[in-house]
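**Q** Output the structure for:
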Amino acid sequence: MSDLDQGPLLDVAIIGAGFSGLGMAIKLLEEGKRSFKIFEKADDVGGTWRENTYPGCACDIPSHLYSFSYAQNPNWSRLYPSQPEIWEYLQDVREKFGVGPFIDYGKELKTAHWNEEGKYWTLGFGDGSSAKARVLVSATGPLHYPMIPDIKGLDSFKGAQFHSATWDHDYDLTDKRVAVIGTGASAIQIIPSIVDKVKKLDVFQRTPPWIMPRPDRAIRSWEKWLFKHLPFTQTLFRTGIYWLHESRAYAFIRRPSILKLMQKVAKRHIHRHIKDPALREAVTPDYVMGCKRVLISDDYYPALAREKTDVLRTGIDHVSENAIHDSNGGVHEVDAIVFSTGFRVANIEDQPEMVGRGGKTLTQAWSKGAEAYLGLSVPGFPNFFIMTGPNTGLGHNSVVFMVETMVHYIMDALKKMDREGVQALDIRQDVNNAFNDEVQKDLQRTVWESGCKSWYQTEDGRNTTLWPGFTVSYWWQTRSLKRKNYDAV
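**A** Numbering: from 1, shown residues only. I've put the predicted structure just below:
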């Protein structure tokens, strides 16, 4: 397809209409820039909060912090937001800031090629259409490729089976024998939400998570009134929540030994809700808290303690037409299997075909693991920015804060290119290497490197997911683009 068929050259192409994509578009509009589009693969905004509709789906960051600082919502119903509320919030943001006309739906990115001569990106979409843009911003996020374990005989199962991220709402679980595979963040929300309606619940657990009490409650009417009529009160409330969460980073990244004190709280949480000694032992982790994601719930342990629930620590050998066979020879007849097995976060093969300078692909650039300068820029891929990219995930605070800092950085890059008349910027390889070497060095002293295996890591144990510092330090490093770190292309 010729360039003439691809339409006008956009200044910016944004891939994805979740928090990151909408946040980028809002700031472009604020700066008076209108030569951009958001290309969204689905038929609505929301990203992971549109996709995940499983029972009990909610966020583990408080509502007033899990939102844009410039678009605070005084009407949150609870301290911790549910999936429908977050999705509604993102839809409201789209309308409030006039982003809607700049979104093309049904556009799943398949290919992106850097045009060396023209200094722009050529994009190909799943529907056969294409576009071209001077700057490409990937705002797809890491949590949208469901991970289904490779279990022998799974294809022969005659019952219902679905992943938490692709929940089958047409299938009624009432009085069914249900198996939930996995005990991560989605499972601890799903299990309490379905335990009352199912006939039997088998929970297949590989490694138990550390779970802290969830300090959730409804937002009082007088609080909503204050937040609406005196907005500074909500800003103060939000700021307090931010610093409370930010303080947790010290234990994760500097003194993991502090987390052993928190384990006592978590163990009391177990003993309070579970009286059976064998079940207590089964759900008590044997690794330092924080090595895997710390979860929050008040109703998970009571759901496990129900007579109809069995927690199974044996591995799964195979699946037959109507049962799961464990590695000890046990047979568990089930009508439905729910996979709460997370996402393929570190798998670079899931990415669209990205071809940068000299024909180098992103798969080749990331052959030893995904990495980017500040999680944003990859050498050899000019004018390409990744939001919530490698090593920008958090274990203690709101990713929306990180998103806002990333948007600020990209906007600064655009301003400097316009000011200097530079067509494209490419992060220097030596700068990228030095940055990522320091990131991996810093990670070595964190709790995430204390010995357990987690989804934060690649198969060879490299942590490509988490930021090994305070969010304040990330804000400091992204407050402006250092021009000397980039080559003009």
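**Q** could you point out where the stretch 201-350 of the chain is predicted with low confidence?
**A** Across the stretch 201-350 of the chain, the ranges flagged by pLDDT under 70 are 345-350.
**Q** ok, and what's touching the top strand by length along the chain?
**A** Counting by DSSP state E, the longest strand found in the chain is strand 130-138. Contacts of strand 130-138 with the rest of the structure, by C-beta atoms under 8 Å, 6 or more residues apart in numbering, involve 1, 3, 5-7, 9-16, 21, 24, 36-37, 39, 112, 115, 118-125, 383-387, 389, 410, 414, 423-424. (Glycine included, C-beta is placed from N, CA and C.)
**Q** Swap in 6 Å and give it another go.
**A** When contacts are defined by C-beta atoms under 6 Å, 6 or more residues apart in numbering, strand 130-138 is touched by residues 1, 6, 9-15, 24, 120-124, 383-386.
**Q** Can you go through the residues you listed and name the buried ones?
**A** Buried by 16 or more other C-beta atoms under 10 Å: 6, 10-15, 24, 120-124, 383-386, out of those.
**Q** Just the ones in strands from these, please.
**A** 10-15, 120-124, 384-386.
**Q** any low-confidence regions in the stretch 1-150 of the chain?
**A** For the stretch 1-150 of the chain, counting by pLDDT under 70, the residues that fall below are 1-6.
**Q** now do 90
**A** 1-7, 141-148 (pLDDT under 90).
**Q** residue boundaries of the strands in it?
**A** 9-15, 36-40, 103-105, 109-115, 120-125, 130-138 (DSSP state E, counting those that start in this stretch).
**Q** The fifth one vs strand 36-40, what angle?
**A** Put simply, strand 120-125 runs at 30 degrees to strand 36-40, going by axes from the mean of the first three to the mean of the last three C-alpha atoms, to 10 degrees.
**Q** start the count at 2, not 1, going forward
**A** All right, first residue 2 from here; so that's strand 121-126.
**Q** Now do strand 121-126: distance to the chain's middle.
**A** 25 Å (C-alpha atoms, centre = their mean, to the nearest Å).
**Q** swap in the longest one?
**A** With C-alpha atoms, centre = their mean as the basis, strand 131-139 stands 23 Å off its chain's centre.
**Q** Parallel or antiparallel, which strands does it pair with?
**A** strand 10-16 (parallel), strand 121-126 (antiparallel), strand 385-387 (parallel) (DSSP bridges).
**Q** Which residues does the first one contact?
**A** Outside of strand 10-16, the residues within contact range by C-beta under 6 Å, 6+ apart are 22, 25, 36-40, 110, 121, 133-141.
**Q** That one vs strand 110-116, what angle?
**A** Angle of strand 10-16 versus strand 110-116, following the same axes, to 10 degrees, is 140 degrees.
**Q** From residue 245, how far out is residue 289?
**A** 22 Å (C-beta to C-beta, to the nearest Å).
**Q** Same check on residue 65?
**A** In terms of C-beta to C-beta, residue 65 sits 12 Å off from residue 245.
**Q** swap in residue 408?
**A** 24 Å.
**Q** quick one, which of the two is more surrounded?
**A** residue 408 (24 against 12; other C-beta atoms under 10 Å).
**Q** Give me the three-state assignment for the more buried one.
**A** When classified by DSSP: H, G, I helix; E, B strand; the rest coil, residue 408 comes out as helix.
**Q** Tell me if I'm right that it and residue 24 touch.
**A** Yes. In this structure, residue 408 is within contact of residue 24 by C-beta atoms under 6 Å, at 5.0 Å.
**Q** isn't residue 164 right up against residue 340?
**A** Yes. Between residue 164 and residue 340 there is a contact under C-beta under 6 Å: 4.5 Å.
**Q** between the two, what contacts are shared?
**A** With C-beta under 6 Å, 6+ apart as the test, residue 164 and residue 340 reach no residue in common.
**Q** Do you have the strands of the stretch 252-401 of the chain handy? List them.
**A** Counting by DSSP E, counting those that start in this stretch, the strands of the stretch 252-401 of the chain are 296-297, 310-313, 317-320, 324-327, 332-334, 337-340, 354-356, 385-387.
**Q** Quick one, which of the strands of the stretch 2-151 of the chain gets closest to residue 310.
**A** Evaluated with C-beta to C-beta, the strands of the stretch 2-151 of the chain place strand 37-41 nearest to residue 310, the distance being 39.0 Å.
**Q** What are the buried residues along the closest one?
**A** 37-41.
**Q** Of those residues, which is the nearest to residue 195?
**A** Nearest member of these to residue 195, counting by C-beta to C-beta, is residue 41, at 30.4 Å.
**Q** follow-up on the earlier one: with distance to residue 214 added, can I get the ones in strands among the buried ones among the contacts of strand 131-139 in CSV?
**A** Formatted as CSV, those follow (distance: C-beta to C-beta, whole Å):
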residue, distance to residue 214
11, 48
12, 48
13, 43
14, 44
15, 39
16, 38
121, 52
122, 47
123, 51
124, 46
125, 49
385, 42
386, 39
387, 35
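**Q** Among those, which one sits closest to residue 253?
**A** Nearest member of those to residue 253, counting by C-beta to C-beta, is residue 387, at 23.2 Å.
**Q** give me the beta-bridge partners of the closest one?
**A** Beta-bridge partners of residue 387, as defined by DSSP bridges: residue 139.
**Q** Show me where the stretch 302-451 of the chain has its helices.
**A** 363-366, 400-421, 430-444 (DSSP state H, counting those that start in this stretch).
**Q** quick one, which of those is packed in tightest?
**A** Highest mean neighbour count of the helices of the stretch 302-451 of the chain: helix 400-421, a mean of 19 (counted as mean count of other C-beta atoms under 10 Å).
**Q** from memory residue 393 sits against residue 376, does it?
**A** Yes. Counting by C-beta under 6 Å, residue 393 touches residue 376, with 3.6 Å between them.
**Q** Could I get the buried residue list for stretch 480-490?
**A** 482, 486-487.
**Q** With stretch 243-254 instead?
**A** Quick answer for stretch 243-254 (16+ other C-beta under 10 Å): 243, 246-247, 249-250, 252-254.
**Q** Stretch 55-63 too?
**A** Buried residues in stretch 55-63 (16+ other C-beta under 10 Å): 55-63.
**Q** Export that stretch to PDB, keeping only CA atoms.
**A** Output of stretch 55-63 as PDB, limited to C-alpha atoms (Å, rounded to 0.1, in the frame of the first residue of the first chain):
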ATOM      1  CA  TYR A  55     -15.500 -11.000  36.200                       C
ATOM      2  CA  PRO A  56     -17.500 -11.100  39.400                       C
ATOM      3  CA  GLY A  57     -16.000  -9.000  42.100                       C
ATOM      4  CA  CYS A  58     -13.500  -7.200  39.900                       C
ATOM      5  CA  ALA A  59     -12.100  -4.200  41.700                       C
ATOM      6  CA  CYS A  60      -8.900  -2.200  42.200                       C
ATOM      7  CA  ASP A  61      -6.500  -2.500  45.100                       C
ATOM      8  CA  ILE A  62      -5.600   1.200  45.000                       C
ATOM      9  CA  PRO A  63      -8.000   3.600  46.600                       C
END
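**Q** So what touches it?
**A** 67, 80-84, 165, 168, 190-191, 194-195, 242, 297, 399.
**Q** Could you check how far stretch 110-124 is from the centre of its chain?
**A** 27 Å.
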